[in-house]
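Undergrad: Next input, structure requested:
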Amino acid sequence: MTIESKLKGPTRKFRVLLVDDHPLVRRGLADVIAREPDLETCGEAGDVLEALREVERTKPDLVVIDLTLKTGHGIELIEKLKSREPHVKTLVSSMHDETLFAERVLRAGAMGYITKQEPPETLIRAIRQVLQGEVYLSSRMTNRLLHRVVAGTPTQEDPVLGLSNARSKCTK
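TA: Numbering: from 1, shown residues only. Just a heads-up that it's a prediction; the model follows:
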C-alpha cells in the first residue's frame, strides 16, 4: 500500500469468482488470493450453470475458470459470459497443455490462460495482468503465437483450431 492510498483510505478490492469442479482446488485458489491485499474471492462454482448464477449474484471483476467441468465446459462458460456480461474478465486455469487450448480460449473471449502447474506467484501475476485489461500467456505460448504471425501462418492451417470445443476433446 502506498502513502497516497493510506491518505485516501482503503482501496477497493478486486472481486474474483472461482469456477472449478474440484472443491479442494477452489479452496487452494481462494487461499492464494486471500493473501493479496487488493484481491478477494467473492464466490465459487463447480459448473457452468452455477457459475452463471454466481456471476449474477456476486458481480465479480474476474472469473478464473477451469476448462473441464463435470457439467458443461469452460469454453462454453467463457462464450456465455462474453455475451451476457462483457465487462467481466476471464482467465483460464487448467491442467491441459496451453498449446492445445490457449488460443481457443482467447478466441472465445478469455483474457488469459495459465496452467495449474504454475506457482502461486504466477497465478497472482496473471490475475493482475488480466484485471488491467492485458492478455496473459506464458512466454512460451506468446512466442509460439508471435512466430506464427511473423511466419505468416494462416490460422486455417493450424490443425488444433479445427478441434471442437466439445467436452470430449478435453477430458480429464
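Undergrad: Residue 90 is in what secondary structure piece?
TA: Assessed by DSSP states H and E, residue 90 sits inside strand 89-94.
Undergrad: Okay, now the sheet partners of that strand, with direction.
TA: For strand 89-94, the paired strands and their directions (DSSP bridges) read strand 62-65 (parallel), strand 113-115 (parallel).
Undergrad: Name the stretch among these that sits most buried.
TA: Ranked by mean neighbour count under mean count of other Cβ atoms under 10 Å, the strands paired with strand 89-94 are led by strand 62-65, which reaches a mean of 26. Every residue, glycine included, has its C-beta placed from N, CA and C.
Undergrad: now the angle from the next helix or strand after it to strand 89-94?
TA: Counting by DSSP H and E, the element after strand 62-65 in chain order, helix or strand, is helix 74-84. Counting by axes from the mean of the first three to the mean of the last three Cα atoms, to 10 degrees, helix 74-84 points 180 degrees away from the direction of strand 89-94.
Undergrad: Put the alpha carbons of helix 74-84 into PDB.
TA: In PDB, the C-alpha atoms belonging to helix 74-84 read as follows (Å, rounded to 0.1, in the frame of the first residue of the first chain):
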ATOM      1  CA  GLY A  74     -15.100 -23.800 -19.600                       C
ATOM      2  CA  ILE A  75     -15.100 -22.600 -23.200                       C
ATOM      3  CA  GLU A  76     -18.900 -22.700 -23.100                       C
ATOM      4  CA  LEU A  77     -18.900 -20.600 -20.000                       C
ATOM      5  CA  ILE A  78     -16.400 -18.100 -21.500                       C
ATOM      6  CA  GLU A  79     -18.700 -17.600 -24.500                       C
ATOM      7  CA  LYS A  80     -21.800 -17.100 -22.400                       C
ATOM      8  CA  LEU A  81     -20.100 -14.600 -20.100                       C
ATOM      9  CA  LYS A  82     -18.700 -12.700 -23.100                       C
ATOM     10  CA  SER A  83     -22.300 -12.300 -24.500                       C
ATOM     11  CA  ARG A  84     -24.100 -11.800 -21.200                       C
END
